[in-house]
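Colleague: whatever this is, show me its structure:
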Amino acid sequence: MADPQRARKMADRIKEVVARRIDKGLRDPRLGFVTITDVRVTGDLQHASVFYTVYGTDEERADSAAALKAATGMLRSEVGKNITARLTPSLEFIADALPDTSAHLEDLLAQAKMRDEQVRSASAGATYAGDADPYKHDDEDDEDDAAEERA
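Modeller: Residues are numbered from 1 along each chain as shown. Here you go, the predicted model:
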């Protein structure tokens, strides 16, 4: 088992190398606008999971996934040249669900805001069922004690 700090450093280095190579250009017309979001390396430094997002339609995402799968060997050799490790980790490209998750969260926040507005408008003309402040306060205790002493 390798040092977790070393695994993090290697993951950062792999992310940088893969992103730079994709940016310089993989000569694959299927490759769309790909962004490497994260890399996670196993504790034994033998396997790296590369998370990515693709800007575009579902078809463009599928094409980019196929292009990355086809270029895995070339990217692995590029990683091997640029890291200082005895063994080059195998690469696995995983589509990151971050954009879908964030869009879902934004929809939920918009619904919550709409419901808050509905509650605010419904409570605009509402009045209290009892006293406006039904709680007993310390200063009221002092007044009650003073009234009992006078009697």
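
Colleague: show me the contacts for the residue nearest to residue 48 when sequence neighbours are not counted.
Modeller: Leaving aside its sequence neighbours, residue 48 sits nearest to residue 89 (Cβ to Cβ, 6 or more residues apart in numbering; 4.4 Å). Every residue, glycine included, has its C-beta placed from N, CA and C. Taking Cβ atoms under 8 Å, 6 or more residues apart in numbering, we find residue 89 in contact with 10, 14, 41, 42, 45, 46, 47, 48, 76, 79.

Colleague: can you pick the most crowded of the residues you listed?
Modeller: residue 14 (27 neighbours; other Cβ atoms under 10 Å).

Colleague: that residue contacts residue 49, correct?
Modeller: No: if you go by Cβ atoms under 8 Å, residue 14 and residue 49 don't touch, sitting 9.9 Å apart.

Colleague: return every residue with contacts to both of those two.
Modeller: Here residue 14 and residue 49 have 39, 41 as joint contacts, going by Cβ under 8 Å, 6+ apart.
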